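**Q** based on what follows, work out the 3D shape:
(2 chains)
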Amino acid sequence: MRAAGVAGAALIALVAVGAGAWMHARQQAAGNRAGTHDEVAVPAGHASAPSPSDQAAYGDAAAPGNAAYQPPKIPDQLPIFSLEDRTGKTTSIAAWAGKSLVINFWATWCAPCRREIPLLETLHSEWVGRGVTVIGIAVDHRDQVLKFADQFKIPYPLLIGEQDALDAAAAFGMASPVFPFTVFTDRRGEVVTLFVGELHRPQADLILSVVQNLNDGRVHLPEARQAIADGLSALAAKRAG
Amino acid sequence: MRISLAFLLLIGFVGVASAKPWWMRGIESNETDFLPPDTAFRVGAQVDGSVMRVRWVIADGYYLYRHRMDVKAESPDLMVAAPVFPKGIFKTDPYLGTQEIYQQQVEATVAYTRLDAGAHPLQIKVTYQGCAEAGLCYPPISKVIFPQAPPAGAGASVGAGASEGAAHWKGVGLWEGTAIILGTLAFLLAGFVLRKGRKLDLPAP
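**A** Just a heads-up that it's a prediction; the model follows:
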């Protein structure tokens, strides 16, 4: 009888602790789900765990997952724009007509942009003999770009601009650009793909091999685009796995 | 009915799984799900006595550079001091060197003075720039925002009285209170159960 009493008391205590834990978990889940961390207090001047809904009290109008954006139209054909080159001469992108282009939008303050420059140099040296030209579009202050380009001896052509370079980015559908992004065209000036973010060797090899097939007439543009989309998905899955 | 619900859930899942940021919805851009800048970095400000608290909420996998964050007065009658930021994390990049960054959330304190006792709406301009760990950066962003008055009853929690290191979650207090009440109940019930089953061995009078 005494043992049964002790067991009963232990059971009640366990139920009490379990109920408390359940309430705690429920409270946290509700806060995360509905964004109702109204009670989170953050002391002045501290970086801390995020409390997105608490931001409402700070007049934050943007909500996560804001779907108010309209999708831009990425052009089918290379848009024609002109920017100054390293010497200050205004140069049109049409100067490379007849070439497949790898047009890389970047900025000196952007770490992933800097990281991918050695890859772009390699691509330039490997593909320039096969009708592919790498062009850097620096959206940045001219003096900083020139200093950086000299320091790292960037071998491929550079076009430089600020608002006019942003306009060029907008012509590719990137009205609110992020950096880096890279546009690949075939030799007819068709935009084959636009790659957002840091480019890596497997992705570049995949895209350029498809562009080569396109240039050689082995595939048509829709098939080429599909092959790139499938290949990039496979690479992403491989990287994630 | 059960099948219909499952079908709807499946449709919903497929819809969510295929959702892409607006700039990914053109022709064959890569599938990487980078966030729009206003989703990656959310900013707001609150008035708190003689200071404003400007808070950035940063999405997972994203960060802001300390040296590219600033707060300036926008109202003509407003003067603001240099924002005071907490210490961040030091990130070393072989191409940019060591940079101080913030992840998740950061709050800066900005002392301010108004010259005409509030004839103009309170406006500040915030500037910030950040990147995604996955290999992408956003250009510097500038926004004019309107610092909000603190919600009623919230002054004590976010106000000047919040001391260094005194981070607390009121929600945790509720949890603690619940645990104490339930624990006390468990203790009383346990005592009742034990007492009920016990036969006292008292000496005969």
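
**Q** can we go C-alpha only for contacts and neighbour counts from here?
**A** Noted.

**Q** what residue ranges in chain B are flagged as low confidence?
**A** B:1-33, B:118, B:152-205 (pLDDT under 70).

**Q** at which residues are the strands of it located?
**A** Remark: strands assigned in chain B by DSSP state E are B:41-48, B:51-58, B:62-65, B:70-73, B:78-80, B:89-93, B:97-102, B:105-114, B:124-128, B:130-132, B:136-137, B:141-145, B:168-169.

**Q** for A:Ile135, which of those strands is the nearest?
**A** strand B:136-137 (18.8 Å; C-alpha to C-alpha).

**Q** now do that closest one: which elements does it pack against?
**A** Under the contact definition 3 or more C-alpha pairs under 8 Å, 6 or more residues apart in numbering or on different chains; DSSP states H and E, strand B:136-137 sits against helix A:111-127.

**Q** thinking again about what came up before, dump the strands of chain B into JSON lines; add distance to A:Asp167 and mean neighbour count as well.
**A** Listed next are these as JSON lines, based on distance: least, C-alpha to C-alpha, whole Å; neighbours: other C-alpha atoms under 10 Å in any protein chain shown:
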{"stretch": "strand B:41-48", "distance to A:Asp167": "24", "mean neighbour count": "24"}
{"stretch": "strand B:51-58", "distance to A:Asp167": "28", "mean neighbour count": "26"}
{"stretch": "strand B:62-65", "distance to A:Asp167": "25", "mean neighbour count": "23"}
{"stretch": "strand B:70-73", "distance to A:Asp167": "26", "mean neighbour count": "19"}
{"stretch": "strand B:78-80", "distance to A:Asp167": "34", "mean neighbour count": "18"}
{"stretch": "strand B:89-93", "distance to A:Asp167": "30", "mean neighbour count": "13"}
{"stretch": "strand B:97-102", "distance to A:Asp167": "30", "mean neighbour count": "16"}
{"stretch": "strand B:105-114", "distance to A:Asp167": "32", "mean neighbour count": "21"}
{"stretch": "strand B:124-128", "distance to A:Asp167": "22", "mean neighbour count": "19"}
{"stretch": "strand B:130-132", "distance to A:Asp167": "21", "mean neighbour count": "23"}
{"stretch": "strand B:136-137", "distance to A:Asp167": "18", "mean neighbour count": "26"}
{"stretch": "strand B:141-145", "distance to A:Asp167": "17", "mean neighbour count": "16"}
{"stretch": "strand B:168-169", "distance to A:Asp167": "47", "mean neighbour count": "15"}
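
**Q** could I get these as CSV with distance to A:Ala94?
**A** Putting the strands of chain B into CSV (distance: least, C-alpha to C-alpha, whole Å) gives the following:
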stretch, distance to A:Ala94
strand B:41-48, 37
strand B:51-58, 41
strand B:62-65, 37
strand B:70-73, 40
strand B:78-80, 49
strand B:89-93, 36
strand B:97-102, 37
strand B:105-114, 45
strand B:124-128, 35
strand B:130-132, 32
strand B:136-137, 28
strand B:141-145, 32
strand B:168-169, 60
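
**Q** of these, which is nearest A:Val139?
**A** strand B:136-137 (12.4 Å).

**Q** show residues contacting the closest one.
**A** A:Cys110, A:Ala111, A:Pro112, A:Cys113, A:Val178, A:Phe179, A:Pro180, A:Val196, A:Gly197, A:Glu198, B:Gly130, B:Cys131 (C-alpha atoms under 8 Å, 6 or more residues apart in numbering or on different chains).

**Q** so A:Val139 touches A:Trp109, yeah?
**A** No: using C-alpha atoms under 8 Å as the test, A:Val139 is too far from A:Trp109 to be in contact (10.0 Å).

**Q** what about those two, which has more around it?
**A** Between A:Val139 and A:Trp109, counted using other C-alpha atoms under 10 Å in any protein chain shown, the more crowded position is A:Val139 (24 against 18).

**Q** quick check: that one vs chain B, distance?
**A** 10 Å (C-alpha to the nearest C-alpha, to the nearest Å).

**Q** check A:Gly189 too.
**A** In terms of C-alpha to the nearest C-alpha, A:Gly189 sits 15 Å off from chain B.

**Q** the residue lying closest to that residue once chain neighbours are set aside: what's it in contact with?
**A** Nearest non-adjacent residue to A:Gly189, counting by C-alpha to C-alpha, 6 or more residues apart in numbering or on different chains: A:Leu78, 5.3 Å away. Residues in contact with A:Leu78, defined by C-alpha under 8 Å, 6+ apart, are A:Phe172, A:Thr185, A:Gly189, A:Glu190, A:Val191.
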